[in-house]
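Participant: sequence and predicted structure, then a few things I'm wondering about:
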Amino acid sequence: MLIFISLIVFLLFIIFLFIPTIYYIPSKLNLYRILIVGGTHGNEPAGYYAINEIYSEIKKYNFPFEIVLIPNVNKFGLFFNLRNFLFHDLNREYGWSFTNPNNKSTNNHFTNKIIEPIIHSSDIIIDLHEGYSYNRINENSKGSTLSGKNIPSNLINLILKNLNNNITRSEKKFYYLEYEPLPGTLREIINEKQIYLLVETTGQNNIQPLYIRTEQMKNIIYSVINWLLIRSNITSSLNRRS
């Protein structure tokens, strides 16, 4: 009996580590769908904390758009503080028929298969990552940059203004970096009608305290939400759900 119970507990633990958490904040108007993803790389935890905090803060409000939040794309990596899911870099395996040059696999990871339908049905995707250094100091790292696809200039300007107001040192300020195509990344499955925002704080190996990176990501998410509220002509305060 003890062996049976241990086996069940072990199997539940494996399922827990392998299936990402998905939160939905529904909308009656449903003008858009925003998808926010974090924890794709397990050694980049700020996105996980930012999304969970955001969800707890906004889940009781009625928005004119649906919000989907996935804080832990790579639960396994987050649990063990590892970049990859076992031998898989989940941000190199997007695309139904993508061939990963690292492992020669013709099938992307099952986690990507879970998430991709949500990506394809979303209007705005915010993808949270962390670099290991400031890009202004080390160009090999994308830390403290924004990039993406189809992002309106007024949204970029709003995000950068809100972020950089609280950053004094010029080398630590965020700026927009032109995206370099990289096969298998989430950006590569974005179509021309979607807005994709790639966020890179500077945080791997705790080069900055976790709370700073978490607040920076929350700042970005709230900037996008406020921009969408203005775009949706919602100027009054949001109503809480009953």
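Facilitator: Thanks, I have the structure now.
Participant: and stretch 133-149, what's buried?
Facilitator: Using 16 or more other Cβ atoms under 10 Å as the burial criterion, the residues of stretch 133-149 that qualify are 133-136, 141-149. The way it works is simple: take the backbone N, C-alpha and C, and place the C-beta from them, glycine included.
Participant: now the helices for the protein?
Facilitator: All helices of the chain, identified by DSSP state H, fall at 2-18, 46-58, 75-80, 110-120, 153-164, 210-231.
Participant: I figured Leu197 hits Gly148, correct?
Facilitator: Yes. Here Leu197 reaches Gly148: they are 4.5 Å apart, a contact under Cβ atoms under 8 Å.
Participant: for this protein, name the helix or strand with the lowest mean pLDDT.
Facilitator: helix 2-18 (a mean of 71; mean pLDDT, DSSP states H and E).
Participant: state the distance from the nearest residue to Ile221 once chain neighbours are set aside to Ile156.
Facilitator: Of all residues not flanking Ile221 in the chain, Ile54 sits nearest, at 5.5 Å (Cβ to Cβ, 6 or more residues apart in numbering). Relative to Ile156, Ile54 is positioned 20 Å away (Cβ to Cβ, to the nearest Å).
Participant: ok, the two, which is more surrounded?
Facilitator: Ile54 (23 against 17; other Cβ atoms under 10 Å).
Participant: was I right about that one contacting Gly47?
Facilitator: No. Counting by Cβ under 8 Å, Gly47 is not a contact partner of Ile54; they are 10.3 Å apart.
Participant: so which of the buried residues of stretch 133-149 sit within strands?
Facilitator: 145-149 (DSSP state E).
Participant: okay, the buried residues of stretch 133-149 in a markdown table with pLDDT and distance to Leu90 next?
Facilitator: As requested, the buried residues of stretch 133-149 are exported to a markdown table (pLDDT from 0 to 100; distance: Cβ to Cβ, whole Å):
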| residue | pLDDT | distance to Leu90 |
| --- | --- | --- |
| Ser133 | 95 | 22 |
| Tyr134 | 96 | 25 |
| Asn135 | 95 | 22 |
| Arg136 | 95 | 28 |
| Ser141 | 94 | 19 |
| Lys142 | 94 | 17 |
| Gly143 | 95 | 20 |
| Ser144 | 97 | 23 |
| Thr145 | 97 | 20 |
| Leu146 | 98 | 21 |
| Ser147 | 97 | 19 |
| Gly148 | 95 | 18 |
| Lys149 | 95 | 19 |
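Participant: ok, the residues you listed vs Gln216, which is closest?
Facilitator: Ser144 (8.5 Å; Cβ to Cβ).
Participant: contact partners for the closest one?
Facilitator: Going by Cβ atoms under 8 Å, 6 or more residues apart in numbering, Ser144 touches 131, 134-136, 172-175, 200-202.
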